[in-house]
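> Sharing a model prediction with you, sequence too.
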Amino acid sequence: MRQVLLNLGEALLSTLLLAGCAGVPGGESPAEVVDLYAQRQVGSTSTPAVDASIGATASEAEQPGASSEPALPPAVTHIQEYPVPAGSHPHDVAPAPDGTVWYTAQHSGALGRLDPTSGATREIPLGSGSAPHGVIVGPDGAPWVTDSGLNAIVRVDPLTEAVTVFRLPYGASRANLNTAAFDGAGVLWFTGQNGVYGRLEPALGTVEVFDAPGGRGPYGIAATPDGTVFYASLAGSHIARIDSVTGAATVIEPPTPNQGARRVWSDSLGRIWVSEWDASQLGRYDPAAGAWEEWRLPGSNPQAYAVYVDELDFVWLSDFGANALVRFDPGTERFEVFPLPSPGAAVRQILGRPGEIWGAESGVDRLVVVRFAGSAGSGAGGYGP
């Protein structure tokens, strides 16, 4: 009976959401919609969400049982793509509190802004030589950008679109800035893949840079609910915890050597989830226990790039090998695979807000959103890709 009710609910949600995505006014290119459940009902050959643990679809994997079973992941209602200007090469994406979505137009030297209601985009130039990589929305509601071309942190005022540039100090040139996160005190921490990490005091406008232990590699960064900052070192194949007072970073080695830790994110319990690019794995580090667990992604050639934990503590990854977004249920230790509509999408980063998972499709100049039902509350802490 539970499965029948779930199927009916999915069909109703799909119908309502598709009715609201008819087209884009004003001559803009329409957003493209793929409704996984509608396709399944009409017999489409598109691959449905897959429970990789037993090789079945998500719906087939659900078995009736006692009330002690872990909660089921919320149903994905549809996947939608939004085109951005050709040649933008959107690298990172950040949904904003006002409903719009920011993205870094890496090849255009601009910060883009998408209105999901109309599909319209606007790109704000960041300056000569700009090559923005990461973007997050800070506690002040403004987008903060790590710009490797400018070798600077950039803030854009969401109301006036005024651009403020905080350049790295002399001696830290060509840091290859990647991503950023705010700690519990409102300090912005950032990574540079050429072997540095640093902090910006927004109130003072001061920037400080530290040499990373192990040298080259700092890439992804995130904060836990208590404000502790961790970063991942891609070339160094480790994660590191930053002491917010001294600025010192302590290396934490995953169990798999040379796994290529690329990005990190925290769940609501402060556990650190890691996308292990070279090992095709998802890792989890529990700081309280000092313990690791790792899971290989499904498929013949998985490539785990981005990782994000949603407000319900389900873990999302982008898989370059499958051209898909993947959801992991920590309770059942099962993966679900959601193929992306466009071939070669290359989602390099994921962020979300309640009921939505956003990705930047750098390979096809589009943004993608996965919408799901039953979202409530707040989960993963901190800011950062």
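Thanks, I have it.
> Contacts only, for His89.
His89 makes contacts with 105-108, 362, 365, as judged by CB atoms under 8 Å, 6 or more residues apart in numbering. C-beta here means a position set from N, CA and C on the backbone, and glycine is covered the same way.
> One more: Ala346?
Shown in contact with Ala346 (CB under 8 Å, 6+ apart): 320, 361-364.
> wait, isn't Ala94 in contact with Trp102?
Yes. Shown here, Ala94 and Trp102 form a contact pair, counting by CB atoms under 8 Å, at 4.6 Å.
> Can you check which residues contact both of those two?
135, 137, 143.
> Please name the bridge partners of the first one.
With DSSP bridges applied, the residues forming beta bridges to Val135 are Val145.
> and it, how many neighbours?
For Val135, the count of nearby residues is 29 (other CB atoms under 10 Å).
> quick one: it from Leu234, how far?
The gap separating Val135 from Leu234 is 19 Å, by CB to CB, to the nearest Å.
> again, but for the second one
As judged by CB to CB, Val137 and Leu234 stand 24 Å apart.
> Pop out the phi and psi values for Ser266.
phi -100, psi 150 (degrees, to the nearest 10).
> And it, how far from Thr228?
Where Thr228 is concerned, Ser266 sits at a distance of 8 Å (CB to CB).
> Looking at per-residue confidence, what score does Ser118 get?
What the model reports as pLDDT for Ser118 is 96.
> What's the local residue count around it?
13.
> Let's verify it: helix, strand, or coil?
Three-state assignment for Ser118 (DSSP: H, G, I helix; E, B strand; the rest coil): coil.
> just Gly141 next, same as before
Counting by three-state DSSP, the backbone at Gly141 sits in coil.
> so which strand or helix has Phe338?
Element membership of Phe338 [criterion: DSSP states H and E] is strand 334-339.
> Would you mind pulling the contact partners of the helix or strand following that strand?
Next in sequence after strand 334-339, counting helices and strands by DSSP H and E, comes strand 347-353. Where contact means CB under 8 Å, 6+ apart, the residues beyond strand 347-353 that reach it are 91-95, 134, 136, 179, 263, 305-308, 310-311, 316-318, 325, 340, 357-362, 368, 385.
> Could you list which of those residues belong to strands?
With DSSP state E as the criterion, strands contain 91-95, 134, 136, 179, 263, 305-308, 316-318, 325, 357-361, 368 from among the contacts of strand 347-353.
> Quick check: bridge partners of the residue nearest to Ile242 when sequence neighbours are not counted?
Closest residue to Ile242 apart from its sequence neighbours, by CB to CB, 6 or more residues apart in numbering: Val229 at 4.5 Å. For Val229, the beta-bridge partners are Ala223, Ile242 (DSSP bridges).
> Verify the stated contact: Val229 with Ala180.
No. The criterion here is CB under 8 Å, and Val229 misses it with Ala180 at 9.9 Å.
> Packing partners of the strand holding Phe338?
Under the contact criterion of 3 or more CB pairs under 8 Å, 6 or more residues apart in numbering; DSSP states H and E, strand 334-339 touches strand 50-51, strand 324-329.
> Name the stretch from these where average model confidence is lowest.
Here the lowest mean pLDDT among those goes to strand 50-51, at a mean of 32.
> Tell me which helix or strand in this structure has the weakest average pLDDT.
The weakest-scoring helix or strand in the chain, judged by mean pLDDT, DSSP states H and E, is helix 36-41 (a mean of 28).
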